[in-house]
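Colleague: Fold the following for me, if possible:
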Amino acid sequence: MQNWAGNITYSTKRVLRPRSTAEARELVADTDALRPLGTGHSFTRVGDSTGALLSTQHLDRVVEIGDGTVTVEAGIRYGVLATALAEHGLALPNLASLPHISVGGAIATGTHGSGAQNRSLSAGVAELACADGSVRRLARGDADFAGAVVSLGAIGLVTRVSLDVVAAFELRQYVFEELSWPAAGADLEAVLAGGYSVSLLTSWTEPAIGQVWVKTRERLDPQASYFGATPATRPRHPVPGAPWENCTDQLGVAGPSHERLPHFRLGFTPSSGAELQSEYAVPREHGLDALRALRRLADLVAPVLIVSEIRAVRGDDLWLSPFHQQDSVAFHFTWEPRIDDVLSVLPHVEAALAPFRIRPHWGKLFAASPKQLAAVYPRLPDFRRLVRSLDGGGKFRNDFVARFIFGEA
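Modeller: Numbering: from 1, shown residues only. Purely as a prediction, here's the structure:
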């Protein structure tokens, strides 16, 4: 059994597939070692297990819509949830590029969308319920809540999650082409804050940034430029040459936010399909210097790169979030599915970004050592304490957690 990208073959063939949260609790109680398995969109071994994998595939129901929140089972995909909320005149404040990912997996790894004023998906969690044979609930205001959300699956099986919701709203999506590097460098923060959500897409070797995706509440002049970038005259795909039909509507056509915030439609292959991914968050004040450092690596990166995406993300207070106590610029890399070549490039990318205290995405490929991660996550000792208190027997620990959280060889 493999993950979505096919770069990870799981270390066990035992997959548990409960059809209710009650059954899931029983399976957790009766299993010595297991890990939660969502939609398999992680590129690292964060979700691997040598014991059992407990799939949340069938734990995909909307449980309750309350006052300002929705409670769901952790296996529901964001696209399915957002569609259900729209029927009640509600929406999630933000979504990732892919609506295909599960709520539980996304929040456990610190996954995010885009927008200088928008926080990660994990920051939208108001309460969660974990199973280790019994049910344990943690809510905002509880002492350890900020440590339990981005948990890497290490504190128990998250069965239910309550998320913040807002009144339904519409967005328009515009794509602009050929944003000059000088224009981006003149005020990168303004470029990334020019809409509800903004993405810059580049191969790093281009004479200008190839595409700028702007998702906004405003109707823009179809002839107006965006910091000098020109409006696209037909729909685009983030990957040059890929079929635009897989993507959400563009050209300024208004639509529900859940049909504009993701780049890709739920029913279609997301991104390029066959790919690997990495991503690094740097403090917002270092965004421009990080961009310049990556441009100097263009010739090294380009041979294995499909496309790179640059976004702004607002900070949060979650202990293991890449955006913990810092507004950030996130540099994403979609790589060719050539694992050895990619792994040979990553140390050079991380060395170039090291002066900016980068934090890699937990679910995407990185080369950083446990010591390097400990230096940029000040609450890591508190998280170790939390894991020991909630999973003293190590039922939910795997090699990834043992290495990167506890520093074990």
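
Colleague: Not counting residues beside it along the chain, what's closest to L373?
Modeller: Of all residues not flanking L373 in the chain, F404 sits nearest, at 5.9 Å (Cβ to Cβ, 6 or more residues apart in numbering). All C-beta atoms are positioned from the backbone trio N, CA, C, and that covers glycine.

Colleague: so the one you found sits right up against K371, yeah?
Modeller: No - contact criterion Cβ atoms under 8 Å: F404 and K371 do not qualify, at 10.2 Å.

Colleague: More neighbours: which of those two?
Modeller: F404 (24 against 8; other Cβ atoms under 10 Å).

Colleague: what's the burial count for G185?
Modeller: Neighbours of G185 (other Cβ under 10 Å): 13.

Colleague: and it, what element?
Modeller: G185 belongs to helix 181-186 when elements are defined using DSSP states H and E.

Colleague: Show me the shaky parts of the protein.
Modeller: 133, 268-273 (pLDDT under 70).

Colleague: Name the residues of the helix holding G185 that come out as buried.
Modeller: A183, A184 (16 or more other Cβ atoms under 10 Å).

Colleague: and the next helix-or-strand element following it, C-alpha only, in PDB?
Modeller: Later in the chain than helix 181-186, the nearest helix or strand by DSSP H and E is helix 188-192. Output in PDB follows, covering the C-alpha atoms of helix 188-192 (Å, rounded to 0.1, in the frame of the first residue of the first chain):
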ATOM      1  CA  LEU A 188       6.800  41.500  -1.900                       C
ATOM      2  CA  GLU A 189       4.500  41.900   1.100                       C
ATOM      3  CA  ALA A 190       2.100  44.100  -0.900                       C
ATOM      4  CA  VAL A 191       2.100  41.700  -3.900                       C
ATOM      5  CA  LEU A 192       1.200  38.800  -1.600                       C
END
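
Colleague: ok, and what's touching helix 188-192?
Modeller: Helix 188-192 is contacted from outside by 116, 179, 183-184, 198, 200, 212, 227, 284, 287-288, 291, 310-312, 329, using Cβ atoms under 8 Å, 6 or more residues apart in numbering.

Colleague: ok, and the most crowded of the residues you listed?
Modeller: Of the contacts of helix 188-192, with other Cβ under 10 Å as the count, V212 tops at 28 neighbours.

Colleague: gap between the residue nearest in space to the middle of the chain and A190?
Modeller: Nearest to the mean C-alpha position of the chain, counting by Cα atoms, centre = their mean, stands T111 at 2.3 Å. Distance from T111 to A190, counting by Cβ to Cβ, to the nearest Å: 26 Å.

Colleague: Can you pull the phi/psi pair for the residue nearest to L373?
Modeller: phi -90, psi -20 (degrees, to the nearest 10).

Colleague: Ok, G147 next?
Modeller: Torsion angles, degrees, to the nearest 10, at G147: phi -90, psi -20.

Colleague: What is the neighbour count of it?
Modeller: Neighbour tally, G147, other Cβ under 10 Å: 23.

Colleague: same check, this time on the one 4 residues further on
Modeller: S151 has 30 neighbouring residues, counting by other Cβ under 10 Å.

Colleague: Check A139 too.
Modeller: Per other Cβ under 10 Å, the neighbour tally for A139 reads 13.

Colleague: List the beta-bridge partners for it.
Modeller: E127 (DSSP bridges).

Colleague: Tell me who's in contact with it.
Modeller: Each residue near A139 by Cβ under 8 Å, 6+ apart is listed here: A126, E127, F145, S162.

Colleague: one step back: show me what the helix holding G185 is packed against.
Modeller: Counting contacts by 3 or more Cβ pairs under 8 Å, 6 or more residues apart in numbering; DSSP states H and E, helix 181-186 is packed against strand 208-216, helix 287-295.

Colleague: Just name the most buried of the ones you listed.
Modeller: Stretch with highest mean neighbour count among those: strand 208-216 (a mean of 22; mean count of other Cβ atoms under 10 Å).

Colleague: Tabulate the contacts of A139 in CSV, adding columns for distance to A22 and neighbour count.
Modeller: What follows is the contacts of A139, written out as CSV (distance: Cβ to Cβ, whole Å; neighbours: other Cβ atoms under 10 Å):
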residue, distance to A22, neighbour count
A126, 23, 19
E127, 19, 18
F145, 24, 18
S162, 19, 22
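
Colleague: for the stretch 251-400 of the chain, what spans make up the strands?
Modeller: 255-256, 276-283, 305-313, 328-335, 359-360 (DSSP state E, counting those that start in this stretch).

Colleague: what distance separates the last one from the middle of the whole chain?
Modeller: Read it as strand 359-360. Relative to the centre of its chain, strand 359-360 is centred 12 Å away, using Cα atoms, centre = their mean, to the nearest Å.

Colleague: ok, now the longest one?
Modeller: Its chain's average C-alpha position is 12 Å from that of strand 305-313, according to Cα atoms, centre = their mean.

Colleague: so what secondary structure elements neighbour that strand?
Modeller: If you count contacts as 3+ Cβ pairs under 8 Å, 6+ apart, strand 305-313 packs onto helix 188-192, strand 197-202, helix 287-295, strand 328-335.

Colleague: closest one to A409 among the ones you listed?
Modeller: Closest of the helices and strands packed on strand 305-313 to A409 is strand 328-335, at 27.4 Å (criterion: Cβ to Cβ).

Colleague: which strands and helices sit next to that closest one?
Modeller: Under the contact definition 3+ Cβ pairs under 8 Å, 6+ apart, strand 328-335 sits against strand 276-283, helix 287-295, strand 305-313, helix 339-353.

Colleague: ok, residues contacting it?
Modeller: So strand 328-335 is contacted by 112, 188, 192, 239, 271-272, 275-284, 286-287, 290-291, 294, 301, 304-313, 315, 322, 342, 349, 353, 365 (Cβ under 8 Å, 6+ apart).

Colleague: how close does L390 get to S55?
Modeller: Per Cβ to Cβ, L390 is found 22 Å from S55.

Colleague: which non-adjacent residue is nearest G228?
Modeller: Per Cβ to Cβ, 6+ apart, closest to G228 is A183, 4.6 Å.

Colleague: I figured the one you found hits Y226, correct?
Modeller: No - contact status for A183 versus Y226: not in contact, 9.2 Å apart, counting by Cβ under 8 Å.

Colleague: Checking A123 next. Helix, strand or coil?
Modeller: helix (DSSP: H, G, I helix; E, B strand; the rest coil).
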